[in-house]
Each structure stands twice: as structure tokens, then as C-alpha cells.
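Engineer: just coords:
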């Protein structure tokens with residue numbers, strides 16, 4: 001469904017007719033929307049001022065974020081409920097409107113930023129980040145699984161290129177598929193927990209976003225050029241780049 005069809009569908013909802021037929025319903029919904037915006041911005045601003053050291057310096061920022069989290073989520077819920085309702089009444093004001101696109105982009109970035117900040121206040125994130133052993137152990141599992149999974153990918157790709165095992169590619173992929181997926185699962189779980197410990201650091205790191213982009217390219221390559229020499233060559237280059245990007249998260 002493209003954006004044109006989406007906005008047309010939004011304008012055909014019963015909510016749109018009710019808002020357009022009533023003199024007071026749209027202003028009422030808009031008032032609730034503004035109230036939700038005030039709650040959201042207010043609670044986030046309190047935490048941001050604390051992080052900047054401009055207010056409430058005697059209160060730990062994670063504790064402050066935890067105390068305000070229900071109000072923050074309430075503000076988000078109100079905005080995400082009333083916003084589409086207002087847009088359904090006037091969908092033409094959203095489609096093709098640069099101001100609307102800019103607003104949605106800023107809102108998405110703000111929500112992602114706040115989500116990362118919220119994650120850092122959870123007990124799991126604090127335990128991994130501040131524990132003496134949890135982070136190093138997860139890091140060790142992650143690196144070991146990368147070696148396990150990466151080694152199998154390397155051998156499979158080299159075999160497709162005619163280097164190494166000199167076995168039929170289908171046989172190699174079939175024999176090691178379950179072990180490769182086990183290694184990938186360990187990489188994904190341990191990597192996710194490491195990200196959960198420091199989401200804001202990852203969010204600010206250009207290396208992290210490069211790594212995500214490279215992982216997306218790996219998926220596209222596996223889907224489009226599977227078991228071909230071109231696909232094997234691209235896979236080798238992409239996985240090496242992913243390793244470099246992953247290490248760059250800690251430094252860039």
C-alpha cells in the first residue's frame with residue numbers, strides 16, 4: 001500500500017465523517033492531542049534537563065526517567081491515537097505536505113531517542129552495564145559465536161568460489177545449515193543484549209548504523225544471489241566490513 005492509497009483509506013474511515021460532520025468534535029480531539037503533546041514534551045524535557053545538568057542534579061537520571069515513564073507513555077499513546085484521527089478528517093493536508101513529512105521525521109527520531117534512553121533505565125540494561133561479569137561474558141559469547149558463524153560462512157563462500165573444500169555447494173549448505181543458524185542465533189541474542197546495555201551509545205555511533213546497513217545488504221545478497229559466485233564474493237566483503245563496523249562502535 002503506497003502513501004496515496006493509505007491517505008485515501010484514512011479519509012474513508014467512519015472517524016473522518018464524524019469529525020467533519022461535527023462542529024465541536026474536531027476541536028475537542030485537537031485539544032486532547034495538544035494535551036498529550038504537552039505531557040510528552042514536559043516529561044521528556046525534565047529528563048533532558050537533568051541529563052544536561054541544568055536541573056534536579058541531586059536525582060539520578062535513570063530514576064527520574066523511571067518515575068516519569070508512565071506519563072511519557074501516556075503522552076505518546078494520546079498523540080498516536082488522536083493524531084491519525086485528525087489526519088483522517090483532512091488527509092489532503094498530510095499527503096505531499098513538506099511540513100507534515102518534516103514533523104513525522106522529527107517525531108520518529110525523537111521517539112527512537114527516547115526509547116533508547118528508556119531502555120538504559122531498565123533493570124536489565126543497568127545490570128548488564130554495571131555488573132562486573134555480565135558484559136564481559138556476553139562479549140565473549142558474542143565474539144565466539146561470530147567466529148563460529150563467520151567461519152562457516154567463510155568456508156561456504158570459499159567453496160562456492162572453488163577454494164577450499166571442493167564439494168558441491170548444496171551439500172555444504174545442507175550439512176552445516178543448522179549449525180550455522182545456531183551460531184547466528186547466539187550472535188543475534190548476545191548482540192541484542194549488548195545493545196540493550198548501551199542503546200544510546202549505539203544510537204550515537206555512525207559505526208552502528210553502518211553495521212545495520214551492511215546487515216541489510218547481507219540479507220538482500222542472500223536472497224538475490226544465493227549460491228552464486230557473485231553472491232559468495234559479496235558475502236565475504238560484506239561480512240568483513242560488518243566485523244570492522246562492529247568493532248568501530250566502541251571507538252567511533
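Structural biologist: Great, that's in hand. What you see is a predicted model, and the numbers here were worked out from it, not measured in a lab.
Engineer: does residue 127 really touch residue 138, like I thought?
Structural biologist: No: Residue 127 is beyond contact range of residue 138, at 11.1 Å (criterion: CB atoms under 8 Å). C-beta: built from backbone N, CA, C; applies to glycine.
Engineer: Backbone dihedrals for residue 58, please?
Structural biologist: For residue 58, the backbone dihedrals are phi -80, psi 0 (criterion: degrees, to the nearest 10).
Engineer: neighbours around it, how many?
Structural biologist: Counted with other CB atoms under 10 Å, the neighbours of residue 58 add up to 5.
Engineer: again, but for residue 217
Structural biologist: The local packing count at residue 217 equals 16, with neighbours defined by other CB under 10 Å.
Engineer: Ok, residue 159 next?
Structural biologist: When neighbours are counted by other CB under 10 Å, residue 159 comes out with 19.
Engineer: What distance do you get for it to residue 227?
Structural biologist: Spatial separation of residue 159 from residue 227 under the definition CB to CB, to the nearest Å is 10 Å.
Engineer: Who has more neighbours out of residue 127 and residue 138?
Structural biologist: When residue 127 is set against residue 138 and neighbours are counted by other CB under 10 Å, the residue ahead is residue 138, at 20 against 12.
Engineer: which SSE is the more buried one in?
Structural biologist: Per DSSP states H and E, residue 138 falls inside helix 134-160.
Engineer: Only the buried residues of the helix or strand containing residue 16, if you could.
Structural biologist: Using DSSP H and E, residue 16 sits in helix 14-21. Within helix 14-21, the residues that qualify as buried by neighbour count (16 or more other CB atoms under 10 Å) are 15, 16, 19.
Engineer: Now distance to residue 5 and pLDDT too, for those, in JSON lines please.
Structural biologist: Written out in JSON lines, the entries for the buried residues of helix 14-21 read as follows (distance: CB to CB, whole Å; pLDDT from 0 to 100):
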{"residue": "15", "distance to residue 5": "18", "pLDDT": "80"}
{"residue": "16", "distance to residue 5": "15", "pLDDT": "79"}
{"residue": "19", "distance to residue 5": "21", "pLDDT": "79"}
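Engineer: what's the closest of those to residue 174?
Structural biologist: residue 15 (52.6 Å; CB to CB).
Engineer: Give me the domain ranges for this protein.
Structural biologist: Residue ranges for each domain of the chain read 3-121, 127-248, as given by automatic domain parsing.
Engineer: Next up, the contacts around the spatially most central residue of the chain.
Structural biologist: In the chain, the C-alpha closest to the average C-alpha coordinate belongs to residue 112, at a distance of 7.4 Å (CA atoms, centre = their mean). Residue 112 makes contact with residue 203, according to CB atoms under 8 Å, 6 or more residues apart in numbering.
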